[in-house]
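Chemist: quick check, what structure comes out for this input:
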Amino acid sequence: MTSPHQPGATPPPGCPAQAVPQPPPGCPAGAVPPAAAGHSPAQPDASAPVKLYGPDFAADPHRFYRHLRQFGALAPVEIAPDVTALLVTDYRAALDLLHDDTTWSKDSRAWMQTVPADSPIMPMLGWRPNVFFSDGAAHERYREVITDGFRLVEPHELRARVHHAADTLIRRFGAEGRADLIADYARLIPLLMFNNLFGMPDSYSDQLIAALSGMLEGNSPEEAAAANAAYERYIMELVGSKKAQRGKDLTSWFMDHPNGLSDEELIHNIILTMGAGNEPLANLIGNALARMLSDDRYYNTLSGGALTPRDAINEVLWNDPPLGNYSAHFPVRDVFFHGTWVRAGQLVMVSYAAANSQFGVAPLERTRSGSGSHLSWSAGPHGCPVQRDALLIATTAIERLTAWLSDIELAVDRDELVWRNGAFHRALAALPARFTPITPDQAGATPWDSSPSSSTPSERTSTERQPASAR
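Modeler: Have a look, this model is predicted:
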């Protein structure tokens, strides 16, 4: 869907003239001229797009989004050194793009020819034969494999797996009375979960987390390339083990799906599914915990009250989404879209964070009531296919932690928290917390004597205290 504004029309109110450019002489109709307006939040600069990486952006991305909006629905940005894109910051424009798979393609192969092969963002945007970078029938075929596989994981079984993973991690630091809830919990929960769901042992978690972190942060071409290679080695080992012996896991189900993925397709769809399931989910858990532990509305209700972990998750999805900018698209033809000319094949990304916050921070009443709809799961044909599972894992992980450690609190002020570099994600570097230590020999139930089950600590304690005849 294109903008109702036509070339040469008066820009919409509040939108500067350069947001509705005329094709320059000799430029084919519908093409975008070189970026007419780049800038930094501190000082507008017509010579360069806004950099969406570095410590300033990581510390306060919403300051950048507010500045970008002055250029209309799309603004020129730099997502890595010498790699530019147009970023959609307008909610309506984002929906129009995400639902229009006729004008917009996910195939990045032509675009890749315009970017240095060693660019640190190539692992995130380089084409692969998977559900994310495909269109039409190929996309539907890959998506069916993923959705059908996850459909075989029953919610109560998934919840039990989360409880077991959470208890395993809490046993490691519970007696210390303090922990980094990112390194010790939020980043490990998805790894334990997805290693298990895809059929790999927990011993592979360090290998996986290092690879995924390097891909998302992309601090240098060398780091990004090494991370990508490590991730592919991990997946190759996984597929090799399941070829030798099938199991009740997603890898085996993907292999045996009637859509008949080739080895290459299988590997790249597992790469995508595990990558999309690990880092963003870890960030969702970490960002929600940070909100709960730094906001008195939650702090006073950790062990009961009106606000819940699901409330914190909803607030994060609206206001601080774990994947702030992504959803790469490439127009199949030159197009005038919401006031900006876009060349065929040009990289256009959606800012879920900017679109969600277009009219300011969403209040708790809105996030709880479901008024409107955030874009943190994306939308349209490429919307997240496993929202239910991701929400269940994140909610259960937070509930389990706060049930065992009911007096947990931040060990530093909220404004001392540091956010990780990267154009794509919204991720804390650390989340120091303190709490009353728990030990295996204390009275009552503890994570040390828990077993994989779908019960909460309080529910299981109640059951354990019943006479055997009443169980």
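Chemist: in this structure, which helix has the most residues?
Modeler: Secondary structure assigned by DSSP state H gives helix 263-294 as the longest helix of the chain.
Chemist: that one: what's the following helix or strand?
Modeler: Following helix 263-294 in sequence order, the next helix or strand is helix 296-299 (DSSP states H and E).
Chemist: can you pull out the low-pLDDT segments for the stretch 351-471 of the chain?
Modeler: 363-372, 450-471 (pLDDT under 70).
Chemist: that one: helices as residue ranges?
Modeler: With DSSP state H, counting those that start in this stretch as the criterion, the stretch 351-471 of the chain has helices at 352-356, 364-369, 387-404, 457-464.
Chemist: again, but for the stretch 1-150 of the chain
Modeler: With DSSP H, counting those that start in this stretch, the ranges of helices along the stretch 1-150 of the chain come out as 55-59, 61-68, 91-99, 109-112, 122-125, 136-151.
Chemist: before we move on, back to that, the longest helix of the chain to helix 136-151, inter-axis angle?
Modeler: Calculated by axes from the mean of the first three to the mean of the last three Cα atoms, to 10 degrees, helix 263-294 forms an angle of 60 degrees with helix 136-151.
Chemist: surely residue 167 touches residue 445?
Modeler: No - counting by Cβ atoms under 8 Å, residue 167 sits too far from residue 445 to count as a contact (10.5 Å). Yep, even glycine has a C-beta here, placed from its N, CA and C like the rest.
Chemist: now the longest helix of the chain against helix 387-404, angle please.
Modeler: 40 degrees.
Chemist: quick one: average pLDDT of helix 263-294?
Modeler: For helix 263-294, mean pLDDT is 92.
Chemist: ok, and for that helix, which residues are buried?
Modeler: Within helix 263-294, the residues scored as buried using 16 or more other Cβ atoms under 10 Å are 265-294.
Chemist: got it, and stretch 204-214?
Modeler: Buried-residue list, stretch 204-214, by 16+ other Cβ under 10 Å: 205, 207, 208, 209, 211, 212, 213, 214.
Chemist: low-confidence ranges in the stretch 1-150 of the chain?
Modeler: 1-47.
Chemist: the stretch 151-300 of the chain: helices as residue ranges?
Modeler: Using DSSP H, counting those that start in this stretch, helices in the stretch 151-300 of the chain cover 155-173, 188-198, 205-217, 221-244, 250-256, 263-294, 296-299.
Chemist: export these to CSV and tack on distance to residue 57?
Modeler: As requested, these are exported to CSV (distance: least, Cβ to Cβ, whole Å):
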stretch, distance to residue 57
helix 155-173, 31
helix 188-198, 24
helix 205-217, 13
helix 221-244, 18
helix 250-256, 35
helix 263-294, 16
helix 296-299, 27
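Chemist: which one of these lies nearest to residue 321?
Modeler: helix 263-294 (8.1 Å; Cβ to Cβ).
Chemist: got the contact list for residue 212?
Modeler: Residues near residue 212 by Cβ atoms under 8 Å, 6 or more residues apart in numbering: 227, 231, 275, 278, 279.
Chemist: most widely separated two among these?
Modeler: Using Cβ to Cβ, those span at most 12.8 Å, a distance reached by 227 and 278.
Chemist: ok, and what's touching stretch 230-246?
Modeler: By Cβ under 8 Å, 6+ apart, stretch 230-246 touches 123, 198-200, 204, 207-208, 210-212, 214-215, 249, 251-252, 255-256, 263, 266-267, 270-271, 274-275.
Chemist: just give me the neighbour total for residue 55.
Modeler: Under the neighbour criterion other Cβ atoms under 10 Å, residue 55 is assigned a count of 11.
Chemist: thinking it is in contact with residue 421, fair?
Modeler: Yes - Residue 55 is in contact with residue 421 according to Cβ under 8 Å; the separation is 6.8 Å.
Chemist: and the helices of the stretch 1-150 of the chain, which is most packed in?
Modeler: helix 122-125 (a mean of 22; mean count of other Cβ atoms under 10 Å).
Chemist: got the CA coordinates for that helix in PDB?
Modeler: Taking Å, rounded to 0.1, in the frame of the first residue of the first chain, the C-alpha atoms of helix 122-125 are listed here in PDB:
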ATOM      1  CA  MET A 122      25.700 -10.100   7.100                       C
ATOM      2  CA  PRO A 123      24.900 -13.100   9.500                       C
ATOM      3  CA  MET A 124      21.600 -11.300  10.400                       C
ATOM      4  CA  LEU A 125      20.600 -10.200   6.800                       C
END
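Chemist: so what touches it?
Modeler: Contacts for helix 122-125 (Cβ under 8 Å, 6+ apart): 108, 111-112, 115, 215-216, 218, 224-225, 227-228, 231, 326, 328, 347, 424.
Chemist: please indicate which of those residues are buried?
Modeler: Among these, the ones that count as buried by 16+ other Cβ under 10 Å are 108, 111-112, 115, 215-216, 218, 224-225, 227-228, 231, 326, 328, 347, 424.
Chemist: ok, so of the residues you listed, who is nearest residue 149?
Modeler: residue 231 (19.7 Å).
Chemist: any idea how far residue 316 is from that closest one?
Modeler: Distance of residue 231 to residue 316, computed by Cβ to Cβ, to the nearest Å: 26 Å.
Chemist: name the nearest residue to residue 152, ignoring sequence neighbours.
Modeler: residue 253 (6.0 Å; Cβ to Cβ, 6 or more residues apart in numbering).
Chemist: what's the answer for residue 143, then?
Modeler: Distance criterion Cβ to Cβ, 6+ apart; nearest residue to residue 143, sequence neighbours excluded, is residue 131 at 5.1 Å.
Chemist: got the contact list for the one you found?
Modeler: Counting by Cβ under 8 Å, 6+ apart, residue 131 touches 139, 142, 143, 146, 269, 272, 273, 382, 385.
Chemist: need those residues in a markdown table with distance to residue 338, can you?
Modeler: Formatted as a markdown table, the contacts of residue 131 follow (distance: Cβ to Cβ, whole Å):
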| residue | distance to residue 338 |
| --- | --- |
| 139 | 24 |
| 142 | 29 |
| 143 | 27 |
| 146 | 31 |
| 269 | 32 |
| 272 | 28 |
| 273 | 32 |
| 382 | 19 |
| 385 | 27 |
